[in-house]
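**Q** coords please:
(chains A, B, C and D)
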Protein chains: 2
Amino acid sequence: MVAAFSTAVQSPDLAQHKKTLRSASLRATPARLAVLGELLAAPRPLSHAELVAHLGQGRFDRATLYRNLMDLTRAGLVNRVDRGDHVWRFAPAPARHHDRAHPHFVCVTCGDVECLPTANLAIEQAVDMPRAVRSAHVDVQLRGVCDRC
Amino acid sequence: MVAAFSTAVQSPDLAQHKKTLRSASLRATPARLAVLGELLAAPRPLSHAELVAHLGQGRFDRATLYRNLMDLTRAGLVNRVDRGDHVWRFAPAPARHHDRAHPHFVCVTCGDVECLPTANLAIEQAVDMPRAVRSAHVDVQLRGVCDRC
DNA sequence: TTGCAACTTGCGACCGGGTTGCAAGTAGGT
DNA sequence: ACCTACTTGCAACCCGGTCGCAAGTTGCAA
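**A** Take a look at the predicted model:
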């Protein structure tokens, strides 16, 4: 009964996150749910250290949090980004529309990544450019300070 | 006389590097000259660890090499770049033509940075884009694999 | 509901890049 | 040649990132 009760009162979010994990073939463990929930609730990408500060107070080990971040990243539920300060930050993966190439706006202050519409960028080709550029095999990043920062 | 002799036979490069350092208000110490020479001779940006491997064999301390890399970077003679693998790499600063904005091609494999002509990139503006993009306060990076890699 | 294999966790330890304090040594202007 | 400010070597430290292992959980299947 205790188990049944606690299941009944768990927040809709928690149930949703559980589904998300299971559909990614990941077990829904407390640590995993906490990590996912924390990342989804955070206003910006969190570093491993920040996550440890939030969830590590005797609740979860830093190695556990680290491995969960890796699991979520490998599963594609979370993106690992580098703001440029040599610290990995983790953000929930945005809705999948990455099948088609498009430029990204990367905030150099908060590390946030924003997708820009494909139509808004054009590159004139020239023969002396790297092959990767000519064949459009590049990730286009506009790096600057976002509106919030 | 010994001093005079060794000065006489020093390579043209060495003399040039000495000038470079002095014009940047940096003392021309052996370690500094070695670091600058190594970076200029290298075909690609070197990490601190690589530099230690090349020059550290009993010749210079890793802290010394580290501080010299920092000094050169601060002085603008060297650029510190991040390939994305969380290791700083140092490359001699290219001839200054960075007064006007232009896109960069960053090789995600070797870390090399190449400047592209301004005219070859055009960004269509839209009202819902970040202010930084609209005001062109962004560094445009095309990230891919360069021709050599 | 129970059983069990596979997966997770906590702990402890390690690694390596990056960084600093301090005392001894050196570059270079005068 | 001299003197001062800048450099060096050494030794240590910090911290993010990782891993091995034994104990604890999860969730499929019976």
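**Q** Can you name the residues of chain A that neighbour DNA strand D?
**A** Applying CB under 7 Å from any atom of the strand, one finds that chain A approaches DNA strand D through A:22, A:27-30, A:47-49, A:62-63, A:66, A:70, A:87-88. (C-beta placed from N, C-alpha, C; glycine too.)
**Q** Mind checking which of those residues land in strands?
**A** A:47, A:88 (DSSP state E).
**Q** Looking at the residues of chain A next to DNA strand D, which is nearest residue B:132?
**A** Within the residues of chain A next to DNA strand D, the smallest distance to residue B:132 is 21.9 Å, found for residue A:87 (CB to CB).
**Q** isn't that closest one right up against residue A:47?
**A** Yes: judged on CB atoms under 8 Å, residue A:87 makes contact with residue A:47 at a distance of 4.9 Å.
**Q** Now the spatially most central residue of chain A: which helix or strand?
**A** Geometric centre of chain A, nearest residue: residue A:91, 2.5 Å, by CA atoms, centre = their mean. Using DSSP states H and E, residue A:91 sits within strand A:88-92.
**Q** ok, now residue A:38?
**A** Residue A:38 belongs to helix A:30-41, assigned by DSSP H and E.
**Q** now the closest residue to residue A:91 other than its chain neighbours: how far from residue B:29?
**A** In space, and not counting its chain neighbours, residue A:91 is closest to residue A:45: 3.9 Å by CB to CB, 6 or more residues apart in numbering or on different chains. Note on residue A:45: its distance to residue B:29, by CB to CB, to the nearest Å, is 41 Å.
**Q** Between the two, which is the more surrounded one?
**A** Using other CB atoms under 10 Å in any protein chain shown as the criterion, residue A:45 and residue B:29 rank with residue A:45 on top: 24 against 14.
**Q** and the more buried one, backbone torsions?
**A** phi -60, psi 140 (degrees, to the nearest 10).
**Q** Start and end of stretch A:116-135, how far apart?
**A** 20 Å (CA to CA, to the nearest Å).
**Q** Residue numbers of chain A in contact with DNA strand C?
**A** Counting by CB under 7 Å from any atom of the strand, chain A sits next to DNA strand C at A:26-27, A:29-32, A:59-61, A:63-64, A:67-68, A:71, A:86.
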